[in-house]
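>>> Quick check, what structure comes out for this input:
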Amino acid sequence: MASSLTCAGVIWAFLSFLCAAASCVGFFMPYWLLGSQLEKSVSFGTFRRCSYPVRDESRQMTVMVEQCGRYASFQAIPSAEWRICTVVTGLGCGLLLLVALTALMGCCVSELISRTVGRVAGGIQFLGGKCSCGEGMGV
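Numbers count the residues shown, from 1 in each chain. Below is the predicted model:
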């Protein structure tokens, strides 16, 4: 198996993949904010929530749905800031994963990644990391 990466490049590729995987898992988990509402434990992230209040019209009261799920639509995400955060964090995770998978391919294919491509990939990774940090979250 030929490689176009140095030893440092191989370590970078594997660490990049681990970081991208952790960012993606964090993005999909609904545990960004934890709290309680109506004496129940609740949590939510940018587009997922667990244990949320719903108006029960038959009983004319608010009840807690104790399950996890996505918002019904993009517009159902509670605020414009959270919708922006969902898009920006998703794009950041996508960029991180793209660079990490390309770097892993560089471990197996010779002449795939040159010094210039490595530097550009590092810049993209930096940008993706800044996006997935959730800047602009209106919390």
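>>> Stretch 85-93: which residues count as buried?
Across stretch 85-93, burial judged by 16 or more other Cβ atoms under 10 Å covers 85-86, 88-90, 92-93. C-beta here means a position set from N, CA and C on the backbone, and glycine is covered the same way.
>>> For the protein, just list every one of the strands.
In the chain, the strands defined using DSSP state E lie at 33-37, 40-44, 48-56, 61-70.
>>> Can you lay out the ones you listed as a markdown table showing distance to residue 76 and mean pLDDT?
Formatted as a markdown table, these follow (distance: least, Cβ to Cβ, whole Å; pLDDT from 0 to 100):
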| stretch | distance to residue 76 | mean pLDDT |
| --- | --- | --- |
| strand 33-37 | 17 | 78 |
| strand 40-44 | 12 | 79 |
| strand 48-56 | 10 | 79 |
| strand 61-70 | 9 | 81 |
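>>> which one of these lies closest to residue 6?
Closest to residue 6 of those, according to Cβ to Cβ: strand 48-56, at 39.7 Å.
>>> what packs against the closest one?
Using 3 or more Cβ pairs under 8 Å, 6 or more residues apart in numbering; DSSP states H and E, the elements in contact with strand 48-56 are strand 40-44, strand 61-70.
>>> So which residues make contact with the shortest one?
It stands for strand 40-44. For strand 40-44, contacts defined as Cβ atoms under 8 Å, 6 or more residues apart in numbering pick out 30-36, 49-52, 64, 66.
>>> Neighbouring strands of it in the sheet, and parallel or not?
Strand pairing for strand 40-44, using DSSP bridges, gives strand 33-37 (antiparallel), strand 48-56 (antiparallel).
>>> and those, which is most packed in?
strand 48-56 (a mean of 15; mean count of other Cβ atoms under 10 Å).
>>> how distant is it from the center of its chain?
22 Å (Cα atoms, centre = their mean, to the nearest Å).
>>> Extract the CA atoms of that strand and return them as PDB.
C-alpha atoms of strand 48-56 as PDB (Å, rounded to 0.1, in the frame of the first residue of the first chain):
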ATOM      1  CA  ARG A  48     -33.300  17.300  17.600                       C
ATOM      2  CA  ARG A  49     -35.000  17.400  21.000                       C
ATOM      3  CA  CYS A  50     -36.000  15.000  23.800                       C
ATOM      4  CA  SER A  51     -38.900  15.400  26.200                       C
ATOM      5  CA  TYR A  52     -40.800  18.400  24.800                       C
ATOM      6  CA  PRO A  53     -44.100  20.100  25.700                       C
ATOM      7  CA  VAL A  54     -47.200  19.700  23.400                       C
ATOM      8  CA  ARG A  55     -50.600  21.200  23.800                       C
ATOM      9  CA  ASP A  56     -53.200  18.500  24.300                       C
END
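>>> Lovely, talk soon.
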